[in-house]
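**Student:** Sequence first, predicted model second:
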Number of protein chains: 2
Amino acid sequence: MIVVKIGGAEGIGPQLACEDIARLIHAGERVVVVHGGSHDTNTLAERLGVPPRFITSPSGHTSRYTDARAMEIFEMACRRLNARIVRTLRALGVDALGLSGVDGGLWKARRKPAVRAVDNGVTTIIRDDHSGTVERVDADLLHALLGAGKTPVLCPPAIGHEHEPLNVDADRAAAITAGAMRAHTLVILSNVPGLLRAFPDEATLIPSLARVELDSAIELAQGRMKRKVIAAGEALDAGVHRVVLADARREHPIERALAGQGTVLA
Amino acid sequence: MIVVKIGGAEGIGPQLACEDIARLIHAGERVVVVHGGSHDTNTLAERLGVPPRFITSPSGHTSRYTDARAMEIFEMACRRLNARIVRTLRALGVDALGLSGVDGGLWKARRKPAVRAVDNGVTTIIRDDHSGTVERVDADLLHALLGAGKTPVLCPPAIGHEHEPLNVDADRAAAITAGAMRAHTLVILSNVPGLLRAFPDEATLIPSLARVELDSAIELAQGRMKRKVIAAGEALDAGVHRVVLADARREHPIERALAGQGTVLA
């Protein structure tokens, strides 16, 4: 069992990753696919005249500000990308089936009750942000679908304790899903070759990292890579044997990742 | 097993129908929910500055013109409504799970290769309309989900022979789904009490119709009711015992329908 988090590859789309996933499935591997929708949400929000907003936390971390209106757009954008990935896989002979974390209560999440935000040096409390963290995965549902020959393609939002949709980080959702499914490998694709010692110099790729080195490695990570390293640690803690942070932009991105190209965490 | 096609009730939303569905499920009934997305597609299309277009056939029948751009909006609107129904049901204690007809190849459809359209008295051939008719339902997938305690909530698009999304009529998709699932009853909700002998006079409701009377009844049906009567006939032909065309606007719309309020076709 492999969990693949598709991401990155703007301008290329999910085609390269889907080709590899199809090859793996035709060779008898079971694969669960996870993706987010950040880039698509920004584009759709602009088209709808509702520009995306972001929150900067006191520690400098930036995340999407998902009020009710932004959630509607986030959900539509995720589902649109989901449908596209499902169709791409189906055209490659994979019996793909898309679900959001809301469907069947697949990803149960805990909502962040209030978020501190810094704007022009002033700290405010934001209470209408619909963001959270996945706490529980319905692995039985995924096993039932895999058993019926389906390849699940999963995306946010997750569902909160009050049945509300929640924006969750797809890398971390992929990590907890990989743990719940007892996947041997989690591949996280993005637009860089892996974790770089000196971002953006791709020659400084860190080829491998042990669990004990992860906390210090988080310091090296820039921007969205920080969450991927956190997700990798969570996957290892949940029993996943190996996490590979790999490059979405090259041919055979998943084959390369499984062959150890990228940053391998174990 | 009951199949419920949710529809109508603009301004009310799916709440009333969902409350009845929850009661049925808690009483041990198995329910498959189907819905379309016509009204929501029009609203979203306007918001995106892509006004919906319609085709009038030589026989005077009007349908949505779904080119690639309109399909993108149709799919997003259907999925947005789907997520809303899933959440409404989940808040009522139903373990609902949404799927489009593309997911898992649930609704395999035949695309209409070309459509004749009449505009200002001139007949043209439209080749980029992505519309079709569901030919095959993956009943095994639905049984697997029901067996896992999930309540499937299904919406267009369906998937074509070339893996393309197709706009299909949700009433007729509900009918073929009810047949494939060997449902005893199909309830089709809309904003009228049923089939009216003299539309829009609700006092002229036809309380029941036999299969042999259906073809002449189609002549009485106005607008979208025509498709519902056609769908009812298709469901009966597929082995469904009873179809009820019923009113979405009243409290307990499905309970009333099952008690015979509306137009009962058997």
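**Tutor:** Looks like it arrived, so ask away.

**Student:** number of nearby residues for residue A:256?
**Tutor:** 18 (other C-beta atoms under 10 Å in any protein chain shown). For the C-beta atoms, the positions are set from N, CA and C on the backbone; glycine is no exception.

**Student:** Any residues of chain A in contact with chain B? List them.
**Tutor:** Applying C-beta under 8 Å from any C-beta of the partner chain, we find that chain A lies next to chain B at A:47-48, A:72, A:75-76, A:79-80, A:83, A:86-87, A:90-91, A:95-100, A:102-105, A:140-141, A:144-145, A:147-148, A:150, A:159, A:163-165.

**Student:** From these, list the buried ones, please.
**Tutor:** The neighbour-count test (16 or more other C-beta atoms under 10 Å in any protein chain shown) marks A:48, A:72, A:75-76, A:79-80, A:83, A:86-87, A:90, A:95-100, A:102-105, A:141, A:144-145, A:148, A:150, A:159, A:163-165 as buried among the residues of chain A next to chain B.

**Student:** before we move on, back to that, cross the residues of chain A next to chain B against helices and list the overlap.
**Tutor:** With DSSP state H as the criterion, helices contain A:47, A:72, A:75-76, A:79-80, A:83, A:86-87, A:90-91, A:140-141, A:144-145, A:147 from among these.

**Student:** ok, these vs residue A:172, which is closest?
**Tutor:** Checking those against residue A:172 by C-beta to C-beta gives residue A:75 as the nearest, at 18.3 Å.

**Student:** ok now do that closest one, which residues does it touch?
**Tutor:** When contacts are counted by C-beta atoms under 8 Å, 6 or more residues apart in numbering or on different chains, residue A:75 is found next to A:100, A:157, A:165, B:79, B:80, B:83.

**Student:** Mind pulling up the pLDDT for residue A:215?
**Tutor:** If you check residue A:215, the pLDDT there is 88.

**Student:** Now the stretch 151-266 of chain A against chain B: closest residue?
**Tutor:** residue A:163 (4.2 Å; C-beta to the nearest C-beta).

**Student:** surely that residue meets residue B:91?
**Tutor:** Yes. Judged on C-beta atoms under 8 Å, residue A:163 makes contact with residue B:91 at a distance of 4.2 Å.

**Student:** returning to that earlier point: now the residue of the stretch 151-266 of chain A closest to chain B: phi and psi?
**Tutor:** Dihedral angles of residue A:163 (phi, psi; degrees, to the nearest 10) stand at phi 70, psi 20.

**Student:** Likewise for the one 4 residues further on?
**Tutor:** In terms of degrees, to the nearest 10, the main-chain angles of residue A:167 are phi -70, psi 120.

**Student:** Likewise for residue A:189?
**Tutor:** Note on residue A:189: backbone dihedrals following degrees, to the nearest 10 are phi -90, psi 140.

**Student:** How about the contacts made by it?
**Tutor:** So residue A:189 contacts A:4-9, A:17, A:246-248, A:253-254, A:257 (C-beta under 8 Å, 6+ apart).

**Student:** change it to 10 Å
**Tutor:** Residue A:189 makes contacts with A:4-9, A:14, A:16-17, A:20, A:35, A:228, A:244-250, A:253-254, A:257, A:262, as judged by C-beta atoms under 10 Å, 6 or more residues apart in numbering or on different chains.

**Student:** Which strand residues bridge it?
**Tutor:** residue A:246 (DSSP bridges).

**Student:** now the contacts of residue A:189: which count as buried?
**Tutor:** By 16+ other C-beta under 10 Å, the contacts of residue A:189 give A:4-9, A:14, A:16-17, A:20, A:35, A:228, A:244-250, A:253-254, A:257, A:262 as buried.

**Student:** Tell me which of the residues you listed fall in helices.
**Tutor:** Of those, the ones assigned to helices by DSSP H are A:16, A:17, A:20, A:228, A:253, A:254, A:257.

**Student:** Redo those residues as CSV? Include pLDDT.
**Tutor:** Output for those, formatted as CSV (pLDDT from 0 to 100):
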residue, pLDDT
A:16, 95
A:17, 97
A:20, 98
A:228, 96
A:253, 97
A:254, 98
A:257, 98
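
**Student:** In the stretch 101-250 of chain A, what residue comes closest to chain B?
**Tutor:** For the stretch 101-250 of chain A, C-beta to the nearest C-beta, closest residue to chain B: residue A:104, 3.7 Å.

**Student:** Let me see the confidence value for residue A:239.
**Tutor:** 97.

**Student:** and the spatially closest residue to it that is not a sequence neighbour, how many neighbours does it have?
**Tutor:** Distance criterion C-beta to C-beta, 6 or more residues apart in numbering or on different chains; nearest residue to residue A:239, sequence neighbours excluded, is residue A:179 at 5.6 Å. Other residues within reach of residue A:179, judged by other C-beta under 10 Å, total 20.
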